[in-house]
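> quick one, fold the following:
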Amino acid sequence: MLKTRLIPCIVTKNDLVVQSFGFNRYLPIGNVKTAIEFFVNWDVDEIVIMDIDASREGRAPNVELVAWAAKECFVPLAVGGGIKTLEHIQSLLKAGADKVCINSVVRDNLAFVTQASNAFGDQCITVSVDVAKMNGVYGVYDYLSRNNTDLDLTAHLKAIEKAGAGEILLNSVDRDGSRQGYDIELLQMVSSAVNIPVIALGGVGRFEHLADAVTKGGCQAVAAANIFQHMEHSTIAAKAQMLSSGLPVRLSSEVKYEDFSLDILGRPF
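Residues are numbered from 1 along each chain as shown. The predicted structure follows:
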């Protein structure tokens with residue numbers, strides 16, 4: 001049985017790590033290098049670094065940062081933000097990234113997914129899709145215009161899969177920073193529409209929310225950002241909760257997960 005991946009998402013505005021709330025408010029946390037050093041020492045399966053201002057500001061990906069991070073990381077590293085060309089992807093993979101996470105370029109040019117997948121392998125290509133519910137309908141959200149596009153969500157997801165994406169990182173704009181848990185209705189809709197892995201993101205406020213994305217939402221991996229920033233041993237606690245919920249997870253041989261009890265906030269004690 002495949003293990004359920006736990007993926008911390010480090011959201012940055014250039015080199016500054018931020019907590020995101022509804023895609024419009026940002027709480028500065030600290031330096032991205034400090035965040036990476038924290039996560040590589042705990043029990044995670046992958047790390048995603050997402051520079052949310054790169055495309056807005058017309059910046060290319062920070063290859064120097066990726067090269068540094070790759071030397072520190074002992075788990076797969078995915079990088080997103082500012083990726084517009086195959087040369088960008090090549091430079092990131094050459095710097096040590098294992099995957100790239102592309103978003104806005106896909107809405108403008110779906111063929112880019114096919115080109116990237118053919119050139120580097122679909123296992124390297126994650127497509128991030130931001131979704132917001134407006135007038136009762138889920139739509140593909142454009143972070144740059146701060147509005148939904150005219151794209152039909154289900155059709156867009158199927159087209160991404162057909163184009164050759166390896167997986168989809170599904171981010172709920174409405175749940176971003178809400179701490180209310182994942183949007184299970186959205187996860188069910190997306191996971192039933194495609195056959196490639198879906199990674200849930202957006203809304204985790206308690207560690208039991210992680211298992212819901214799999215057992216109720218049908219996803220194959222879980223990601224979160226804000227919840228990991230201020231809690232000691234947070235990724236260990238997250239996997240302890242996932243294990244207690246019956247999910248198959250990859251465990252560190254140095255950690256005795258069965259010895260954890262979880263308090264009302266889901267913290268280990």
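> after the host helix or strand of I29 comes which helix or strand?
I29 belongs to strand 25-31 when assigned by DSSP states H and E. Past strand 25-31, further along toward the C-terminus, the next helix or strand under DSSP H and E is helix 32-40.
> list the buried residues for that next one?
V32, A35, I36, F38, F39 (16 or more other C-beta atoms under 10 Å). C-beta here means a position set from N, CA and C on the backbone, and glycine is covered the same way.
> again with stretch 57-72
P61, N62, V63, L65, V66, W68, A69, A70.
> CA atoms of stretch 64-77 as CSV?
The C-alpha coordinates for stretch 64-77 follow below in CSV (Å, rounded to 0.1, in the frame of the first residue of the first chain):
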residue,chain,number,x,y,z
GLU,A,64,20.7,30.1,-5.8
LEU,A,65,18.3,29.5,-2.9
VAL,A,66,17.3,26.1,-4.4
ALA,A,67,20.9,25.1,-4.8
TRP,A,68,21.5,25.8,-1.1
ALA,A,69,18.2,24.1,0.0
ALA,A,70,19.0,21.0,-2.1
LYS,A,71,22.3,20.6,-0.2
GLU,A,72,20.4,20.7,3.1
CYS,A,73,17.4,18.6,2.1
PHE,A,74,17.3,14.8,2.7
VAL,A,75,13.8,14.6,1.2
PRO,A,76,12.4,15.5,-2.2
LEU,A,77,12.2,19.2,-2.8
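> how distant is stretch 99-115 from the center of its chain?
16 Å (C-alpha atoms, centre = their mean, to the nearest Å).
> whoops, I mixed them up, stretch 38-56
8 Å.
> related to what we said a few turns ago, which of the buried residues of stretch 57-72 sits closest to I47?
Nearest to I47 among the buried residues of stretch 57-72 is A69, at 7.9 Å by C-beta to C-beta.
> got the contact list for the closest one?
When contacts are counted by C-beta atoms under 8 Å, 6 or more residues apart in numbering, A69 touches K33, I36, I47, I49, L77, G96.
> closest one of the residues you listed to A238?
Once C-beta to C-beta is applied, the member of the contacts of A69 that ends up nearest A238 is I47, at 13.7 Å.
> hang on, the closest one packs against C73?
Yes. If you go by C-beta atoms under 8 Å, I47 and C73 touch, sitting 6.3 Å apart.
> what do the two both touch?
Common contact partners of I47 and C73 (C-beta under 8 Å, 6+ apart): I36, V40.
> so which of these two has more stuff around it?
I47 (24 against 21; other C-beta atoms under 10 Å).
> can you name the residues bridging to the more buried one?
I47 has these beta-bridge partners by DSSP bridges: L77.
> could you pull up the residues touching it?
Taking C-beta under 8 Å, 6+ apart, we find I47 in contact with I7, P8, I10, I36, F39, V40, A69, C73, V75, P76, L77, A78.
> in three-state terms, label the third one for me.
For I10, the reduced secondary structure class is strand; criterion used: DSSP: H, G, I helix; E, B strand; the rest coil.
> can you give me the neighbour number for it?
Neighbourhood size, I10 [other C-beta under 10 Å]: 21.
> and if you look at the last one?
Close neighbours of A78, defined as other C-beta under 10 Å, add up to 24.
> next one: it relative to I89, how far apart?
According to C-beta to C-beta, to the nearest Å, A78 and I89 sit 12 Å apart.
> okay, and the common contacts of these two?
V100.
> list the buried ones in stretch 208-220?
Across stretch 208-220, burial judged by 16+ other C-beta under 10 Å covers E208, H209, L210, A211, D212, A213, V214, G217, G218, C219, Q220.
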